[in-house]
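**Student:** structure for the following, please:
(one chain, ligands or ions: 1)
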Amino acid sequence: MLKGDFPIESFRGLRTPFYYYDLPLLRRTLDAVQAQLDRNPTFRMHYAVKANFNPRILAEIASRGFGADCVSGGEVRAALEAGFPPEGIVYAGVGKSDEEIRLALGAGIARFNAESAAELEVLDELAARMGKVAPVSLRINPDIGAHTHAGITTGLAENKFGINYEQLDEVMDLALRLPHVQYCGLHFHIGSQILDMMDFRALCNRINELVLRLQRGGRPVGDINVGGGLGINYQHPNHLPIADFEAYFGTFGRHLQLPAGTTVHFELGRSIVAPCGSLIARVLYVKQGTRKQFAIIDGSMTELVRPAMYRAYHRVENLSSDEPEEVYDVVGPVCESSDVFVKEMAIDRCRRGDFVAIRSAGAYGESMASHYNCHPLPESFFFEG
Ligand code: LLP
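**Tutor:** The predicted structure is shown next:
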């Protein structure tokens, strides 16, 4: 959506800040994903609910027949309420509580992506008490960081996610032994905002290696879940609004070497919803410093924490002005010095009351909003097209 396409007249009566979602762009993005799935009949998509669980967005994605990837009982419930069928729901998370496991077992979700031997034992026990069998994939830490190129092995990067791949055989034997757990496959996730396809190629190589090892050991493979992580272009939201799904799915299509007919699951979040969302705020004050000027807006880190938390870049546009650009630090009202959206950015001259759009905020924006400083959670509005 170009700057001039934002219907700012209709924004006048609304309380800022709020999220504004471009539904036609979301639909075009989902079409682009679907086109790739159509070319690869063994590929299945499970949208990563953590990126955005706005009910309207979830319903739009569920209506395409995609599954959902969840990380909590709350997300499982939100996915079910939005119309995702339980057979399409996968659930990962290093710390699933008993209550969350019972909820997911009761709903009959497709898969628990189990992250430790200890979790497998709890899944077995809780499933036994409910007279059920928990379908499980083992989440393996593939020890591949973003920007690790194929063929270059790094040291053992132990972190809280997943099972060390050296321990795979041992944990799998436990899963195969437990009577109320059914082993179904392997799960991976290497990171987020990944733009270098060599990272995904490295993941394919690691998966191929593990599959061979399992086959040689006479163990089952099951299906493969490669997680999410495809990045978007935050610099150019207008020129490149749709992520490169062709390169992404093509990488897995070309480099995974799996037994014929093996299903491959994907869990994209950001690349599906980030481009379609903007945080709309009003300029409250333009403050002249000695060496800088600040555009103080009514949006803050409580609605969009990514710049404060990760120093993430989001393009800021002044929707109300066509005056010559000036350089601003765009900041929010929260009493934290990190409550800065962007520093020294050239933006069309700002005046009190102007509407600004903070672009590419559809993923990990509304879903990470907080009440800090007693701010209300932001409302959301939709461009229907
Ligand atoms: N699957 C698993 C197991 C994950 O942990 C994640 C994201 C995804 C899928 C979806 O990844 P995506 O396609 O969205 O990259 N709050 C951070 C991002 C955290 C991502 C956490 N896991 C941010 O705002 O950049």
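
**Student:** strands of the stretch 151-300 of the chain, residue ranges please.
**Tutor:** Secondary structure of the stretch 151-300 of the chain by DSSP state E, counting those that start in this stretch: the strands cover 163-164, 181-187, 223-225, 264-266, 277-288, 293-297.

**Student:** so is the third one next to the ligand?
**Tutor:** So the one you mean is strand 223-225. No. Residues of strand 223-225 are not located near the ligand by Cβ under 6 Å from any ligand atom, the shortest gap being 8.4 Å. In short, each C-beta sits where N, CA and C put it, glycine included.

**Student:** and that strand, what's its mean pLDDT?
**Tutor:** If you average the pLDDT over strand 223-225, you get 98.

**Student:** helices and strands around that strand, which ones?
**Tutor:** Where contact means 3 or more Cβ pairs under 8 Å, 6 or more residues apart in numbering; DSSP states H and E, strand 223-225 is packed against strand 181-187, strand 264-266.

**Student:** closest one to the ligand among the ones you listed?
**Tutor:** strand 181-187 (7.5 Å; Cβ to the nearest ligand atom).

**Student:** is that closest one anywhere near the ligand?
**Tutor:** No. Strand 181-187 stays clear of the ligand (Cβ under 6 Å from any ligand atom), getting no nearer than 7.5 Å.

**Student:** can you tell me the closest non-neighbouring residue to Arg15?
**Tutor:** Leaving aside its chain neighbours, Arg15 sits nearest to Glu379 (7.1 Å; criterion: Cβ to Cβ, 6 or more residues apart in numbering).

**Student:** whoops, Pro333 was the one
**Tutor:** Nearest one to Pro333, counting by Cβ to Cβ, 6+ apart, is Ser300 at 5.6 Å.

**Student:** ok, that neighbour touching Val330?
**Tutor:** No. Taking contacts as Cβ atoms under 8 Å, Ser300 lies outside contact range of Val330: 10.7 Å.

**Student:** contacts only, for the residue nearest the centre of the chain.
**Tutor:** For the chain, Gly269 is the residue whose C-alpha lies nearest the centre (Cα atoms, centre = their mean; 3.0 Å). Gly269 makes contacts with 47-52, 69, 192, 228, 363-364, as judged by Cβ atoms under 8 Å, 6 or more residues apart in numbering.

**Student:** repeat that for Gly95.
**Tutor:** Gly95 neighbours (Cβ under 8 Å, 6+ apart): none.

**Student:** enumerate the residues of the stretch 1-150 of the chain near the ligand.
**Tutor:** 48, 50-51, 69, 92.

**Student:** now the residue of the stretch 1-150 of the chain found nearest the ligand, which residues is it bridged with?
**Tutor:** Here the stretch 1-150 of the chain gets closest to the ligand at one residue, Ala48, 3.6 Å apart by Cβ to the nearest ligand atom. According to DSSP bridges, the residues that bridge with Ala48 are Asp69.

**Student:** Ile163 now?
**Tutor:** With DSSP bridges as the rule, Ile163 is bridged to Ile140.

**Student:** that one - how many residues pack around it?
**Tutor:** Residues near Ile163, counting by other Cβ atoms under 10 Å, number 22.

**Student:** ok, now how distant is it from the ligand?
**Tutor:** The gap separating Ile163 from the ligand is 13 Å, by Cβ to the nearest ligand atom, to the nearest Å.

**Student:** quick revisit: show the pLDDT at the residue nearest to the centre of the chain.
**Tutor:** 98.

**Student:** for Leu105, same thing?
**Tutor:** pLDDT, Leu105: 98.

**Student:** need the CA coordinates for the host helix or strand of it. PDB is fine.
**Tutor:** Using DSSP states H and E, Leu105 sits within helix 98-107. What follows is helix 98-107, C-alpha atoms only, in PDB (Å, rounded to 0.1, in the frame of the first residue of the first chain):
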ATOM      1  CA  ASP A  98       0.400 -30.100  32.100                       C
ATOM      2  CA  GLU A  99      -2.700 -27.900  31.600                       C
ATOM      3  CA  GLU A 100      -1.600 -27.000  28.100                       C
ATOM      4  CA  ILE A 101      -0.800 -30.600  27.200                       C
ATOM      5  CA  ARG A 102      -4.200 -31.800  28.400                       C
ATOM      6  CA  LEU A 103      -5.900 -29.100  26.400                       C
ATOM      7  CA  ALA A 104      -4.000 -30.000  23.200                       C
ATOM      8  CA  LEU A 105      -4.600 -33.800  23.800                       C
ATOM      9  CA  GLY A 106      -8.300 -33.200  24.400                       C
ATOM     10  CA  ALA A 107      -8.600 -31.100  21.200                       C
END
